[in-house]
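Colleague: Whatever this is, show me its structure:
(one chain, ligands or ions: 1)
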Amino acid sequence: MKWEAVMGLEVHAELSTKTKIFCGCTTAYGGEPNTHVCPICAGMPGTLPKMNLAVLEYALRLGLALNCNISKYCKFDRKNYFYPDLPKAYQVSQLYAPICTDGFLEIEFDDTNGKQKKKIAIRQIHMEEDAGKLVHDPRSGDTYMDYNRGCVPLLEIVSQPDFRSAVEVTAYLEKLREVLLYLDICDCKMQEGSIRADINLSVRPAGSRELGVRTETKNMNSFKAIMRSIEYETARQIDILEDGGQIIQETRRWDDEKGKSYGMRSKENAQDYRYFPDPDLLPMQIDDERLLQVKTSLPELAHQKRERYNLELGISESLAAVLTVHKNISDLFEAIAKKSGHPAEAANLITGEIMRLMNNTNMLPEDLSSVKRQELTSKLSVLIDLLIGRKIIAVRIKKQSKQSL
Ligand SMILES: [Zn+2]
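Modeller: Numbers count the residues shown, from 1 in each chain. The predicted structure follows:
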């Protein structure tokens, strides 16, 4: 029998607001354990949360960029469960009135039939707080709690089960990452867990319309691991069904070193969390004026930049794609193009020598700080002047260390 995998994604994006969602503590990554903590985010009884309105603004930006309906009225609910990284024993989230619903994201990918486009439906986007982190000491076997990450704001983006292959999932995550970066609401550092995906997966006979029993593989934060886990889980479920067995609805954990996943717990349903409206946080009204304000101040997104580079600046589609691979690269390009007045030369220099040098020194686009971009803008504009004036005819940068770039 031919089988088909059906997948839906829940993506958690950590927001880059300066402070946490309900208190004034910093959201900076890392830091000495339990130094970015106050009585509110440590969940002390008697404290009162205060909503950080920047989180609402970021949620509205993403909702508009993903073509969602924006709720005029939204509120927070408590999701009750006990876990040591959650000192209050409940997470503040949104179940009954999420901020954004019914949007879509269009993805592009290649398959055996060539280039494809597909709209992935977004069921909802909601605001919530992150939990702390457990640090396991393998030598002593002890576990330590670090609450620095507790109460850092998250947007959870929930798709419909519209994916049929790992290629589609990767295309979606890449596109979503691009949108988050260009909206300037998440740094998207996957290695620091700024974006994490839970993958709901079931299989069914090809052509069937009914959904099979699904499993959820949680907290994936690398594209490669996501691809491998999807292949693994699809094969595992097909094996069970072909042997006449049944899939158990459960949460699974992926072990990337072993290339396997393990069942963690049988999957809870919403009612198991005993959600109820958070009595400490007032419902929020979103009026048309506010929405219009966010709409008119939305930054230019990557696909809009690609189109503009091509139509207005005469940059080829393939170079425009490389220049928009990360916001820091397109910011650098635009600064140099403006300062030098020669966009074509700026595009060639960045996609050629600069990116080659970054590759050779393992420098990531996120390492291009604004100070570094300013320095590069002045230096490279001078270089472009020399090239245009035929004072020099070619550039080959020899420096090979990350610091010297
Ligand atoms: Zn705090």
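Colleague: which residue ranges form the strands in the stretch 251-400 of the chain?
Modeller: 260-266, 276-277, 284-285 (DSSP state E, counting those that start in this stretch).
Colleague: As a markdown table, these with mean pLDDT and mean neighbour count would be great.
Modeller: (Each C-beta comes from the backbone N, C-alpha and C, glycine too.) Below are these laid out as a markdown table (pLDDT from 0 to 100; neighbours: other Cβ atoms under 10 Å):
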| stretch | mean pLDDT | mean neighbour count |
| --- | --- | --- |
| strand 260-266 | 86 | 13 |
| strand 276-277 | 93 | 14 |
| strand 284-285 | 94 | 14 |
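Colleague: got the buried residues for the longest strand along the chain?
Modeller: The longest strand of the chain (DSSP state E) is strand 114-129. Within strand 114-129, the residues that count as buried by 16 or more other Cβ atoms under 10 Å are Lys118, Ile120, Ile122, Arg123, Gln124, Ile125, His126, Met127, Glu128, Glu129.
Colleague: now do stretch 46-64
Modeller: Residues of stretch 46-64 classed as buried under the neighbour-count rule (16+ other Cβ under 10 Å) are 47, 49, 51-52, 54-64.
Colleague: from those, which ones fall inside helices?
Modeller: Ala54, Val55, Leu56, Glu57, Tyr58, Ala59, Leu60, Arg61, Leu62, Gly63, Leu64 (DSSP state H).
Colleague: and the residue lying closest to Asn52 once chain neighbours are set aside, what does it touch?
Modeller: Closest residue to Asn52 apart from its sequence neighbours, by Cβ to Cβ, 6 or more residues apart in numbering: Ile21 at 5.3 Å. Under the criterion of Cβ atoms under 8 Å, 6 or more residues apart in numbering, the neighbours of Ile21 are Pro49, Met51, Asn52, Val55, Val92, Met127, Glu129, Cys151, Val152, Pro153.
Colleague: Also Val55?
Modeller: Per Cβ under 8 Å, 6+ apart, neighbours of Val55: Leu15, Thr17, Ile21, Met127, Pro153.
Colleague: Closest to the ion out of these?
Modeller: Using Cβ to the ion, Ile21 is the member of those that lies nearest the ion, at 9.5 Å.
Colleague: Please identify the residues of the chain in proximity to the ion?
Modeller: Within the chain, the residues that sit near the ion (Cβ under 5 Å from the ion) are Cys23, Cys25, Cys38, Ile40, Cys41.
Colleague: Let's have these in TSV, adding secondary structure, pLDDT and neighbour count.
Modeller: Converted to TSV, the residues of the chain next to the ion look like this (DSSP: H, G, I helix; E, B strand; the rest coil; pLDDT from 0 to 100; neighbours: other Cβ atoms under 10 Å):
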residue	secondary structure	pLDDT	neighbour count
Cys23	coil	97	21
Cys25	coil	98	22
Cys38	coil	97	15
Ile40	coil	95	20
Cys41	coil	94	27
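Colleague: From those residues, pick the one nearest Thr215.
Modeller: Among the residues of the chain next to the ion, Cys41 lies closest to Thr215 (Cβ to Cβ), at 32.1 Å.
Colleague: ok, now how distant is the closest residue to Arg290 other than its chain neighbours from Ile125?
Modeller: Among residues not flanking Arg290 along the chain, Leu60 sits closest, at 7.7 Å (Cβ to Cβ, 6+ apart). To Ile125, Leu60 is 10 Å away according to Cβ to Cβ, to the nearest Å.
Colleague: Least confident secondary structure element in this protein?
Modeller: strand 260-266 (a mean of 86; mean pLDDT, DSSP states H and E).
Colleague: Could you write out the alpha-carbon coordinates of it in CSV?
Modeller: Only the C-alpha atoms of strand 260-266 are listed here, as CSV (Å, rounded to 0.1, in the frame of the first residue of the first chain):
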residue,chain,number,x,y,z
LYS,A,260,15.7,8.1,16.9
SER,A,261,12.8,9.4,18.8
TYR,A,262,11.3,8.1,22.1
GLY,A,263,7.8,8.3,23.5
MET,A,264,7.7,10.7,26.5
ARG,A,265,4.0,10.8,27.6
SER,A,266,0.6,10.1,26.2
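Colleague: Below-threshold pLDDT in the chain: ranges please.
Modeller: 267-271, 395-405 (pLDDT under 70).
Colleague: So the residue in the stretch 151-300 of the chain positioned nearest to the ion, which state does it fall into?
Modeller: Ranked by Cβ to the ion, the top residue of the stretch 151-300 of the chain for proximity to the ion is Cys151, at 5.9 Å. Put simply, Cys151 is coil when judged by DSSP: H, G, I helix; E, B strand; the rest coil.
Colleague: in its sheet, what does the least confident helix or strand of the chain sit against?
Modeller: strand 250-255 (antiparallel) (DSSP bridges).
Colleague: now the partner strand: how far from the chain's centre is it?
Modeller: On the basis of Cα atoms, centre = their mean, to the nearest Å, strand 250-255 sits 20 Å off its chain's mean C-alpha point.
Colleague: Could you measure from Leu105 over to the ion?
Modeller: 33 Å (Cβ to the ion, to the nearest Å).
Colleague: Does that residue lie in a helix or a strand, and which?
Modeller: strand 100-111 (DSSP states H and E).
Colleague: Kind regards, and thank you for your time.
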